[in-house]
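In: sequence and predicted structure below; questions after.
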Amino acid sequence: MSQHARHCDHAAQTEARDDAALRFRDLTLGYGDHAAVHHLDGTIARGALMAIVGANGSGKSTLLKAVAGVLRPMSGRIERSSGLRVAYLAQQSEIDRSFPARVLDLVSLGIWPKRGLLGRFRGEDRIAIATALSAVGLEGFSDRPIDSLSGGQLQRALFARVLLQDADVILLDEPFNAIDAKTVRDLVSLIHRWHGERRTVVAVMHDLALVRETFPETLLLARRAVAWGETAKSLSAENLLKARNFAEAFDDSAPWCEPQRA
Ligand SMILES: Nc1ncnc2c1ncn2[C@@H]1O[C@H](COP(=O)(O)OP(=O)(O)OP(=O)(O)O)[C@@H](O)[C@H]1O
C-alpha cells in the first residue's frame with residue numbers, strides 16, 4: 001500500500017458542528033506522493049466571505065478542489081456541516097470552450113442538483129434560468145454558442161449557473177482573472193448578494209486591492225497557512241513577506257511530510 005493510499009484512510013469526511021460550514025483538521029493535500037498543502041487547521045463559518053491568497057503554486061486551487069470534493073485528502077480531514085450543498089467554479093482555463101453547447105445548456109446544468117441528470121425541466125426551471133441570465137446581464141444570450149462568448153460573458157454565464165445551484169457554499173477559483181472591469185463590478189455585486197443571503201463564499205484571488213475591498217476574511221497560503229483571519233491583518237506587510245519567503249523556498253522534490261500526531 002502506498003503512503004498516499006495509507007493517508008487516504010484518514011480521509012473520511014465527517015460532520016462539522018455548531019456554526020461552522022467547514023472545518024479543516026490537520027489537512028494535508030497533494031498529488032501522488034507530493035504534498036501541496038500541509039497540516040491546515042481552521043474553520044470557515046457559515047456565511048463567511050473569504051479570500052484565499054498566495055503565490056503561484058501555493059496550493060490555493062488544490063484546497064478549493066478538496067473542499068469541492070474533487071480531490072481526496074492525503075491525511076487529515078474536512079468536516080462539513082450536514083446537508084451542505086457546494087457549488088464549485090473552476091478556473092476558466094480548465095473549462096472546455098470548444099464543447100458544442102449553448103449558453104442555455106451551460107447555465108441549465110445548475111438545475112441538475114434539483115432535477116437529477118434525467119429529470120425534465122419544468123416551467124419554473126425555465127423561468128429560473130431566464131432570471132439567472134438576466135441577473136448576470138446575459139438576457140437574450142440563451143442560444144449563443146459558448147465558443148462565441150468573450151471571457152467576461154463566459155464568466156457571467158458560469159455565475160448564472162452557480163446562482164441556479166442555490167448552494168450553501170460557493171467556491172470560486174480566480175473568478176476575475178482576465179475579466180473586464182465592468183464584469184468584475186457586476187459579479188462582485190452578485191457575491192455581495194450571496195453574502196447577504198448568508199451563503200458561504202470562498203474565492204481564490206490575486207488582486208489584493210479587490211480582496212481588501214470585498215472580502216472581510218482572508219487565508220494567506222504558502223503551502224501552509226501563513227495567516228488566516230481578518231483581511232487587513234492577514235495581508236499585513238509582514239505576512240506578505242513571510243508568504244513570499246515561503247514561496248521562494250518551495251521545493252517540489254521535498255520528501256512527503258508526515259502528519260504531526262499529538
Ligand atoms: N493535477 C496535478 N498533478 C500534480 N501536481 C499538481 C496538480 N495540480 C497542481 N499540482 C501541484 O500542486 C502545487 C499547488 O498547485 P495549485 O494549483 O494548488 O497552486 P495555486 O496556488 O492554485 O497556483 P496558481 O496561482 O498558479 O493557480 C503546485 O506545485 C502544482 O504544480
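Out: Sure, I can see it. Residues are numbered from 1 along each chain as shown.

In: I44 and the ligand: what is the separation?
Out: From I44 across to the ligand, the span is 17 Å (C-beta to the nearest ligand atom, to the nearest Å). In this view, the C-beta of every residue, glycine as well, is placed from N, C-alpha and C.

In: do V67 as well
Out: Between V67 and the ligand the distance, using C-beta to the nearest ligand atom, works out to 12 Å.

In: now do the same contact list for E197.
Out: Applying C-beta atoms under 8 Å, 6 or more residues apart in numbering to E197 gives no contacts.

In: could I get the pLDDT score of it?
Out: Looking at E197, its pLDDT stands at 96.

In: do the same with G119
Out: On pLDDT, G119 comes in at 62.

In: quick one: the helices in this protein, in order.
Out: Ranges of helices in the chain, per DSSP state H, are 3-8, 60-68, 103-108, 112-115, 123-135, 151-165, 181-196, 208-214, 231-234, 237-248.

In: in JSON lines: those, plus mean neighbour count.
Out: Formatted as JSON lines, the helices of the chain follow (neighbours: other C-beta atoms under 10 Å):
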{"stretch": "helix 3-8", "mean neighbour count": "14"}
{"stretch": "helix 60-68", "mean neighbour count": "22"}
{"stretch": "helix 103-108", "mean neighbour count": "21"}
{"stretch": "helix 112-115", "mean neighbour count": "14"}
{"stretch": "helix 123-135", "mean neighbour count": "16"}
{"stretch": "helix 151-165", "mean neighbour count": "22"}
{"stretch": "helix 181-196", "mean neighbour count": "15"}
{"stretch": "helix 208-214", "mean neighbour count": "14"}
{"stretch": "helix 231-234", "mean neighbour count": "18"}
{"stretch": "helix 237-248", "mean neighbour count": "14"}
